[in-house]
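Visitor: Pasting the sequence and the predicted coordinates here, then a few questions.
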Amino acid sequence: MSADASRALKVITGSSRFEASAEKYTVAQAATDMGEAFSVSTVTKDVCRVYTPIGTRHFELRITWRLDDRGPTDDPADPKFTVLKMGEEALAAADQGYVYFACLSDRLSSLATVAHIVIGVEHRDVWKEPGGDVKALKDAYATVAHSVSLAMAKELRCEKNGGLPAQPVLVPAAAPTPSTA
């Protein structure tokens, strides 16, 4: 996790210390699992979960991966998301963030097949709406999703790191202009 992502986790959780999830939850293990699942349909799988320390306010953050058939196709239906220009697309909300990127790698079948990967960072609490500075929370979720995505792209040896920038891009993407025909 990058230093920026570590600071972002503090914005999200309010803590700078965390409990470890199981040892099997690493980017390296998730990349291996992804390579094994590449040729078959997949569902969302965990990269890891982040917990605040025992004895403090409980908070669980779920970091996931999944393979997508085509990559992003249009704007999100939910207006709570801000579209950012990272990878194929990035979406940020006050309680979740996603980065879509394309990976061309020998670890995911042949170099002729592009894998579309989605990394998600989610805290879903049906009992409580996210509170605080919504822009700061969106930036934090996008930063963590970018950090994990870049680590995954490097672990998978994706060509050109899956098109991901070295640093997160937190500027909203320009809205598409309607065509006049």
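Guide: Happy to help now that I have it. Since we're looking at a predicted model, the values are computed, not measured.
Visitor: can you give me the helices for the protein?
Guide: Applying DSSP state H to the chain gives helices spanning 3-13, 27-37, 134-156.
Visitor: now the second one: mean pLDDT?
Guide: Same thing as helix 27-37. Averaged over helix 27-37, pLDDT sits at 74.
Visitor: which of the helices of the chain is buried the deepest?
Guide: The highest average neighbour count among the helices of the chain, using mean count of other CB atoms under 10 Å, belongs to helix 134-156 at a mean of 24. Every C-beta, even on glycine, is put in place using the N, C-alpha and C of the backbone.
Visitor: And the helices of the chain: which comes nearest Val43?
Guide: Nearest of the helices of the chain to Val43, taken as CB to CB: helix 27-37 at 9.2 Å.
Visitor: The closest one - contacts with which helices or strands?
Guide: strand 45-51, strand 60-68, helix 134-156 (3 or more CB pairs under 8 Å, 6 or more residues apart in numbering; DSSP states H and E).
Visitor: please redo it, this time with the cut-off set to 6 Å
Guide: Counting contacts by 3 or more CB pairs under 6 Å, 6 or more residues apart in numbering; DSSP states H and E, helix 27-37 packs against helix 134-156.
Visitor: if we look at the helix it packs on, which residues are touching it?
Guide: For helix 134-156, the surrounding residues in contact (CB atoms under 6 Å, 6 or more residues apart in numbering) are 1-2, 4-5, 8, 11-12, 27-28, 31, 63, 82, 84, 86, 90, 92, 94, 96-97, 99, 101, 103, 105, 107, 119, 121, 130, 161-162, 164, 168, 170.
Visitor: what distance separates the lowest-mean-pLDDT helix or strand in the chain from the centre of its chain?
Guide: Using mean pLDDT, DSSP states H and E, the weakest-scoring helix or strand in the chain turns out to be helix 27-37, at a mean of 74. Centroid separation for helix 27-37 versus its chain: 15 Å, with CA atoms, centre = their mean, to the nearest Å.
Visitor: now it and helix 134-156, what's the angle there?
Guide: 70 degrees (axes from the mean of the first three to the mean of the last three CA atoms, to 10 degrees).
Visitor: hmm, who's touching helix 27-37?
Guide: Against helix 27-37 from outside (CB under 6 Å, 6+ apart): 47, 65, 107-108, 151-152, 155-156.
Visitor: Can you add pLDDT and distance to Ala142 and give those back as CSV?
Guide: Converted to CSV, those look like this (pLDDT from 0 to 100; distance: CB to CB, whole Å):
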residue, pLDDT, distance to Ala142
Val47, 85, 16
Trp65, 89, 16
Arg107, 82, 26
Leu108, 78, 24
Ala151, 93, 15
Met152, 92, 15
Glu155, 92, 20
Leu156, 92, 21
